[in-house]
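Visitor: structure of the sequence below:
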Amino acid sequence: MADKFERLGLAIGEVYRSWKAKLNERLRPLGLSQAKWFTLLHLSRFPEGIIQKDLANRIGVEGPTLVRLLDRLERDGWVLRKNSKTDRRSKIIYLTRKAQPTLGEIHKIVTVLREEILSEIPDGELKTTLGVMLKIKGKIDSL
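Guide: Residues are numbered from 1 along each chain as shown. As a prediction, the model looks like this:
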């Protein structure tokens, strides 16, 4: 029984790494590194901006790593950092207008890849898989 659970954890990690690697391969022609497109994609979910610390948690990097990445993204015109009006220690990160057309391309590529990967899996199986994954995530978060 333990072997089955061990394989589950390994499979989750392998699927994530493979999917992300394939996506990186498809997005490389846009001239964005994996770190950059991954950050832009996450930022696109927060049109009202997101606190820098929260962004670091969402993309799974340490604060100093994110600062260096944001320095490059800001220098290249992709993002804007502003001081929070409610907490002077916090920075709010926003996408710029320059990012919008590229985000459209990123979303198209992501959608096509997702459809290619999942096209032969019945909807019921996908719903069950998603439900199980969300339960696992909830349990992890509660520990």
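
Visitor: which stretches of this protein have low pLDDT?
Guide: 1-2, 4 (pLDDT under 70).

Visitor: and the helices in it?
Guide: Here the chain has its helices, by DSSP state H, at 2-27, 34-43, 52-59, 63-75, 99-118, 123-142.

Visitor: how close does Asn83 sit to Leu27?
Guide: 31 Å (C-beta to C-beta, to the nearest Å). Just so you know, the C-beta spots here come from the backbone N, C-alpha and C atoms, and that holds for glycine as well.

Visitor: tell me which of those two has more neighbours.
Guide: With neighbours defined as other C-beta atoms under 10 Å, Asn83 and Leu27 compare such that Leu27 has more, 23 against 11.

Visitor: hang on, the more buried one packs against Lys36?
Guide: No: with contact defined as C-beta atoms under 8 Å, Leu27 and Lys36 do not form a contacting pair (9.3 Å).

Visitor: among the helices of the chain, which comes closest to Ile92?
Guide: Ile92 sits nearest to helix 52-59 of all the helices of the chain, at 7.4 Å, using C-beta to C-beta.

Visitor: quick one: contacts of that closest one?
Guide: Residues outside helix 52-59 that contact it (C-beta atoms under 8 Å, 6 or more residues apart in numbering): 38-39, 42-43, 50, 62-63, 65-67, 70, 81, 90-93.

Visitor: distance from it to the middle of the chain?
Guide: 10 Å (C-alpha atoms, centre = their mean, to the nearest Å).

Visitor: could you check the angle that helix makes with helix 34-43?
Guide: Counting by axes from the mean of the first three to the mean of the last three C-alpha atoms, to 10 degrees, helix 52-59 points 110 degrees away from the direction of helix 34-43.

Visitor: return the set of buried residues in helix 52-59.
Guide: Gln52, Leu55, Ala56, Ile59 (16 or more other C-beta atoms under 10 Å).

Visitor: wait, Trp19 touches Leu118, no?
Guide: No: Trp19 is not in contact with Leu118 according to C-beta under 8 Å; the separation is 10.3 Å.

Visitor: select only the buried ones of the contacts of helix 52-59 in PyMOL?
Guide: Burial among those is assessed by 16+ other C-beta under 10 Å; the matching PyMOL selection reads:
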select buried, resi 38+39+43+50+66+70+91+92+93
